[in-house]
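I'll drop the sequence and a predicted model, then ask my questions.
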Amino acid sequence: MADIRKEFDQAMFSIYRRAKSEANYNATIFLNMLTSKGGLPTAKYLINAERPSDGYTHLYERGRLDLTVEAMVVESSRWHGLFTDDELVRARKRLQAYGYTIRT
């Protein structure tokens, strides 16, 4: 389990870097959360929040919801075991509410 959590952390840092280079979005709050809390707690916090984060909104405005935590988690079954069914449903519904077509 520790190995998959480490891989998940790496994937979270990867979407941060991709958002910066591909969408010209420097998600400093997201980076601070990753650095201080780790990838999984950050993802769970963002997915379980009542409203989408500012970062989610910025990526939506750039047409890059594929770079959100929600998309990363939902689109890769590799990560599903790290989340509850409710969290996966919540992430999927958020993406769908913003018109994102989920790739599986």
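Noted; the coordinates are in hand. What you see is a predicted model; the values in this text were computed from it and never measured.

pull out the buried positions in the top helix by length along the chain.
Of all the segments of type helix in the chain, defined by DSSP state H, the longest one is helix 2-22. Of the residues in helix 2-22, 8-9, 11-12, 15-16, 19 count as buried by neighbour count, 16 or more other Cβ atoms under 10 Å. All C-beta spots, glycine's among them, are computed from the backbone N, C-alpha and C.

now swap in stretch 95-104 and tell me
Going by neighbour count (16+ other Cβ under 10 Å), the buried part of stretch 95-104 is 95, 100.

what do you get for stretch 68-88?
So stretch 68-88, judged by 16+ other Cβ under 10 Å, has buried residues 68-75, 79, 82-83, 87-88.

do me a favour and get the end-to-end distance for it?
13 Å (Cα to Cα, to the nearest Å).

from the centroid of the protein, which residue is nearest?
What sits nearest the mean C-alpha location of the chain, by Cα atoms, centre = their mean, is residue 69, with 0.5 Å.

check contacts around that one.
Contact analysis of residue 69 by Cβ atoms under 8 Å, 6 or more residues apart in numbering lists 12, 15, 42-43, 46-47, 91.

how about the helices in the protein?
Using DSSP H, helices in the chain cover 2-22, 28-37, 39-48, 54-61, 69-75, 85-97.

make CSV out of the ones you listed and add mean pLDDT and distance to residue 104.
Formatted as CSV, the helices of the chain follow (pLDDT from 0 to 100; distance: least, Cβ to Cβ, whole Å):
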stretch, mean pLDDT, distance to residue 104
helix 2-22, 96, 16
helix 28-37, 97, 24
helix 39-48, 98, 17
helix 54-61, 97, 20
helix 69-75, 98, 6
helix 85-97, 98, 10
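
re earlier: and the buried residues of stretch 68-88, which is closest to residue 55?
Lowest distance from residue 55 to the buried residues of stretch 68-88 (Cβ to Cβ) belongs to residue 68, with 7.7 Å.

these two touch, right, that closest one and residue 95?
Yes: with contacts counted by Cβ atoms under 8 Å, residue 68 reaches residue 95, the gap being 7.4 Å.

circling back: the buried residues of stretch 68-88: which two are farthest apart?
Greatest spacing in the buried residues of stretch 68-88, by Cβ to Cβ: 68 and 82 (16.1 Å).
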